[in-house]
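> predicted coordinates and the sequence they were generated for:
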Amino acid sequence: MLNRMIKWLTNNFGLKILAVVFASVLWLAVVNIDDPKTTRTFTTTVSVENNDYLTEIGKYYEIINNSNTVTFKVSGKRSYLERMGNSDFKAVADLEMIENLERVPIDITPQRYGGYVTVASKINYLELTVEDLVSKPFMISVKTDGKVAKQHAIGETSASPTLIRVSGPASVVNEVNEAVATVGVEGMSQDLTDSVIPVLYDKQGREVDMKDLTYNIQNVLVSVKILDTKDVTLNFQTAGTLPQGYEYVGIEYKPQTVTVKGTSAVLNALNSITVPPEVFDLTDVTGNIEKEVDISAYLPNNVTLVDSDMAKVSVVVKIEKHELRTFKVPTANLTIKNLGQRYDVKFLSDTVDVELEGLSTELDALDASTLTGSIDVSGMMEGEHTVGLELNLDSKFKLAKNATVTVDIIDKDEVLGTLGAGSNSSNSNDSDKTNTEEPDSEKPEDSEEDEDTQEDTKPTASTVKKPSAGGNQAN
């Protein structure tokens, strides 16, 4: 049996070997025709390894040009490639392999059929922009949002902690200008405390993108004091003496009142803000003083302005030079003092010139006809006299130089006697009739009238003139 089998196997052995080879070739040909080798394109996301490598050397990186997605070609049997997808490949960029601090080669490996497919040998890169990693501290400022209740104002604000440390790429951190914790105070009338997340702003007041930044704290505790308010007046004082001939007219300033804030106990005792006299020294000043005064320097302790922009007050101290002006005062307005009973006075002119000193506006408004005064003729006898004039002046005016008036003092008896003699001379034919017809009882009444005339201090007899040589009497 064995021999027969051996004989069967060795019979036409060459042809049998040839048949096996032919069959194998035929099978390979059929397989290649039905399942050929081909190439397909796949796309996958690149994963980054060893992220801390750049951080540890003080660098920050950012992927650019969308290079974290890679497209590549894979070759292999169609039957394998058709069963593979993007997720069957892993693309890795190891930061330790970075080249020139700008790119990292990407290693792509199939996760299935690794022995049957081949990834193209082309090297793909993860492109980076690398810059210094910096860390800076920023003082946290507190801002309020909304309006507090009426007659209240924001007082002292504080944040705890007071500093925040910001870390990240230099280009972003260097944009940061301030860290702000904002708290809402709408309608508040009492102190408040709240937990707030700080926000970073650049120099233009724009919010800084914080996605690439890290912080040492996340929240801060903000405290806000709510104070009472009060409107108070301003009081400016002056010092020194002006030169002769100049006068302090007044002071003008805006605003005239300001609103301050503080505790009710402090504000109850405050009604005005006084700027001391040394701020405005009038010594040797000959013109207006214009000055901007910072009134915040004169506020009491624990009191501040509600609006700090109101601290600077524009002040004008008005100084005017006196003018000299001559006025004609009616002599009828003058009173006679200490005139003897036997005399009468006659002014030799209807007006007297007086030179007054005062402000131009006041002099313009002065009516000379309203001015009054007096003269003192104590001890003076008959005849013409030049007498000093004393004017009744308002404190706004001053007599620039002594004024005088010329008067004629007249003996009443002499005047009456002269008048009587002239009357008898002109009516000598009727003298007897006159004496018999006029009763002597009327003389006492005339005497009383004379006494009244002498006692009156007004110059009522000043219109009487001395009789002329021809015997005519004046009005």
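Looks like it came in fine.
> so where's the longest strand in the protein?
strand 124-145 (DSSP state E).
> just the CA atoms of it, as CSV, please.
Listed next in CSV are the C-alpha coordinates belonging to strand 124-145 (Å, rounded to 0.1, in the frame of the first residue of the first chain):
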residue,chain,number,x,y,z
ASN,A,124,3.7,66.7,8.7
TYR,A,125,4.4,69.5,11.2
LEU,A,126,2.4,71.1,14.1
GLU,A,127,3.1,74.8,13.6
LEU,A,128,3.5,77.0,16.8
THR,A,129,4.1,80.5,17.8
VAL,A,130,6.2,80.6,21.0
GLU,A,131,6.7,83.5,23.3
ASP,A,132,7.8,84.1,26.9
LEU,A,133,5.6,83.1,29.7
VAL,A,134,5.3,86.0,32.2
SER,A,135,3.5,86.6,35.5
LYS,A,136,2.6,90.0,36.9
PRO,A,137,0.7,91.3,40.0
PHE,A,138,-2.1,93.8,39.7
MET,A,139,-3.7,95.9,42.4
ILE,A,140,-7.5,95.2,42.5
SER,A,141,-9.5,98.4,42.2
VAL,A,142,-13.2,98.5,43.2
LYS,A,143,-15.9,100.0,41.1
THR,A,144,-19.6,100.4,41.7
ASP,A,145,-22.5,99.9,39.4
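> quick one, what contacts V142?
By C-beta atoms under 8 Å, 6 or more residues apart in numbering, the contact list for V142 reads T157, S158, A159, V180, A181, T182, V183, V222, V224. C-betas here are computed from N, CA, C, even on glycine.
> 7 Å instead?
By C-beta atoms under 7 Å, 6 or more residues apart in numbering, V142 lies in contact with T157, S158, A159, A181, V183, V222.
> A helix includes E96, no?
Yes. Under DSSP: H, G, I helix; E, B strand; the rest coil, E96 sits within a helix.
> wait, it touches L54, no?
No. Applying C-beta atoms under 7 Å as the test, E96 and L54 come out as separate, 9.4 Å apart.
> any idea how far the residue lying closest to G184 once chain neighbours are set aside is from E156?
Leaving aside its chain neighbours, G184 sits nearest to D145 (4.9 Å; criterion: C-beta to C-beta, 6 or more residues apart in numbering). D145 is 17 Å from E156, where distance means C-beta to C-beta, to the nearest Å.
> ditto for V329
Counting by C-beta to C-beta, the gap from V329 to E156 is 67 Å.
> the more surrounded of those two?
Comparing V329 with E156 by other C-beta atoms under 10 Å, the one with more neighbours is V329, at 22 against 11.
> contacts only, for the more buried one.
Contacts of V329 by C-beta under 7 Å, 6+ apart are T351, V352, V354, A368, L371, G373.
> what's the next secondary structure element after the helix or strand containing the third one?
The one in question is V354. Taking DSSP states H and E as the definition, V354 sits inside strand 351-358. Later in the chain than strand 351-358, the nearest helix or strand by DSSP H and E is helix 360-365.
> and the contacts of that following helix?
Residues outside helix 360-365 that contact it (C-beta under 7 Å, 6+ apart) are E323, R325, L356, K396, F397.
> from the residues you listed, pick the one nearest P105.
E323 (98.3 Å; C-beta to C-beta).
> coming back round to it: out of E96 and L54, which sits in the more crowded spot?
L54 (18 against 9).
> what's the pLDDT at that one?
Per-residue pLDDT puts L54 at 91.
> tell me what E178 is bridged to.
Y201 (DSSP bridges).
> ranges for the strands of the stretch 351-475 of the chain?
Counting by DSSP state E, counting those that start in this stretch, the stretch 351-475 of the chain has strands at residues 351-358, 372-376, 383-392, 398-399, 403-411.
> of these, which shows the lowest average pLDDT?
strand 398-399 (a mean of 88).
> run through who's touching it.
V354, L356, E357, G358, L391, L393.
> cool, and stretch 247-256?
233-234, 236, 238, 242, 282, 310, 313-320, 322, 359.
> may I have that stretch exported as PDB, CA atoms only?
What follows is stretch 247-256 as a C-alpha-only set of coordinates in PDB (Å, rounded to 0.1, in the frame of the first residue of the first chain):
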ATOM      1  CA  GLU A 247     -11.600 149.300  47.700                       C
ATOM      2  CA  TYR A 248     -12.600 145.700  48.100                       C
ATOM      3  CA  VAL A 249     -15.900 145.400  46.200                       C
ATOM      4  CA  GLY A 250     -16.700 141.700  46.700                       C
ATOM      5  CA  ILE A 251     -15.900 138.200  45.800                       C
ATOM      6  CA  GLU A 252     -17.300 136.000  43.000                       C
ATOM      7  CA  TYR A 253     -16.900 132.200  42.700                       C
ATOM      8  CA  LYS A 254     -18.500 129.200  41.100                       C
ATOM      9  CA  PRO A 255     -19.900 126.900  42.400                       C
ATOM     10  CA  GLN A 256     -21.300 128.700  45.400                       C
END
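> okay, buried residues for it please.
Y248, I251, Y253 (16 or more other C-beta atoms under 10 Å).
> any idea how far the last one lies from A120?
Right, the one you point to is Y253. On the measure of C-beta to C-beta, Y253 and A120 end up 86 Å apart.
> then L363?
109 Å.
> residue contacts, the residue nearest to G184?
By C-beta under 7 Å, 6+ apart, the neighbours of D145 are T182, V183, G184, V185.
> possible to save these as a markdown table with neighbour count?
Listed next are the contacts of D145 as a markdown table, based on neighbours: other C-beta atoms under 10 Å:
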| residue | neighbour count |
| --- | --- |
| T182 | 16 |
| V183 | 21 |
| G184 | 13 |
| V185 | 21 |
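> hmm, L126 is touching V92, no?
No. Counting by C-beta under 7 Å, L126 stays clear of V92, with 9.4 Å between them.
> more neighbours: which of these two?
L126 (26 against 16).
> gap between the more buried one and N100?
For L126, the distance to N100 - C-beta to C-beta - is 13 Å.
> what of L282?
Distance from L282 to N100, by C-beta to C-beta: 78 Å.
> more neighbours, the two?
When neighbours are counted by other C-beta under 10 Å, L282 and N100 differ, and L282 comes out ahead with 18 against 7.
> how about the more buried one, nearest residue that isn't a chain neighbour?
Closest to L282 by C-beta to C-beta, 6+ apart is G240, at 4.1 Å.
> where in this protein is pLDDT low?
Confidence mapping of the chain against pLDDT under 70 gives the ranges 1-2, 4-10, 12-13, 16, 25-34, 415-475.
> so which residues of the chain form helices?
2-10, 13-34, 52-56, 78-81, 170-173, 264-267, 360-365, 412-426, 431-437, 443-455 (DSSP state H).
> which of the contacts of helix 360-365 tops the neighbour count?
For these, the largest number of neighbours (other C-beta under 10 Å) sits with L356, at 25 neighbours.
> pretty sure it sits against R325.
Yes. Contact criterion C-beta under 7 Å: L356 and R325 qualify, at 5.9 Å.
> next, count neighbours for I98.
I98, neighbours per other C-beta under 10 Å, totals 20.
> what sits against it?
I98 sits in contact with V104, where contact means C-beta under 7 Å, 6+ apart.
> could you measure from it over to L54?
Counting by C-beta to C-beta - I98 and L54 are separated by 7 Å.
> can you get me the start-to-end distance on stretch 246-264?
Distance across stretch 246-264, first residue to last, is 44 Å (C-alpha to C-alpha, to the nearest Å).
> in stretch 119-127, what counts as buried?
V119, N124, Y125, L126.
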